[in-house]
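Novice: this one's sequence-less:
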């Protein structure tokens, strides 16, 4: 698989991707704090646990049945879960994609709308995951990570700039320049394959449906959130 390094896509309407950088900084800071000896039950307090989410009908406050260290209202976890990660590779994988592709999505929608877009993709990703695993053994597994929100960014970038050239590392060390449609298209296909064939995935639980939820949300929301005059599918390139 490809690891994105940078794209050939300069900003056009904003001077700098402030929100993208802020999101990355918050994720890194939360990771540094939570993995410096913090009680794991504290991390679980801010995760989405589908069984607890639906026990209180999403907006009914904190679950009365929990081992969490802090009684966080379940609806709030739909936001907080995005900023916690299981390990350094989980964090880096999400942040690399956000760094490479987030700036141009922020450029296309504006700073405030990008923040709303990012959070909305993450919320929808968690809700779809929670709904589809409800009643299964994964209903009690806490969901953390920015993957759903980042999947929304990936879908938006693919909708906006499929023809842009992206530098990637193939097989982790071979530099190549390919179109965003290839890099991100393969990532999307991988998510679909994994959600349809979970037995071939990682033995550790992976919230593939959250990735799909983020992709769906991003593809739809970018149509509404983009600035007037911003074309889809690189149509401005002719």
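Specialist: Okay, I see it. From a predicted model like this one, the values you see are computed outputs, not experimental measurements.

Novice: So what touches the helix or strand bottoming out on mean pLDDT in the chain?
Specialist: Lowest mean confidence among the helices and strands of the chain (mean pLDDT, DSSP states H and E): helix 40-45, at a mean of 80. For helix 40-45, contacts defined as CB atoms under 8 Å, 6 or more residues apart in numbering pick out 34, 67, 68, 69, 70, 71, 72, 84, 142, 144. All C-beta atoms are positioned from the backbone trio N, CA, C, and that covers glycine.

Novice: the strands in this structure, which residues?
Specialist: Secondary structure of the chain (DSSP state E): strands at 2-7, 165-170, 174-179.

Novice: could you dump those strands to JSON lines with mean neighbour count and mean pLDDT?
Specialist: JSON lines is the format used below for those (neighbours: other CB atoms under 10 Å; pLDDT from 0 to 100):
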{"stretch": "strand 2-7", "mean neighbour count": "17", "mean pLDDT": "90"}
{"stretch": "strand 165-170", "mean neighbour count": "18", "mean pLDDT": "90"}
{"stretch": "strand 174-179", "mean neighbour count": "12", "mean pLDDT": "90"}
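
Novice: Nearest to residue 149 among the ones you listed would be which one?
Specialist: Closest to residue 149 of those, according to CB to CB: strand 2-7, at 16.6 Å.

Novice: what about the least confident helix or strand of the chain, distance to the chain center?
Specialist: 20 Å (CA atoms, centre = their mean, to the nearest Å).

Novice: What of stretch 16-25?
Specialist: With CA atoms, centre = their mean, you get 14 Å for stretch 16-25.

Novice: Check which residues of it are buried.
Specialist: Neighbour-count burial for stretch 16-25 flags 17, 19, 20, 23, 24 (criterion: 16 or more other CB atoms under 10 Å).
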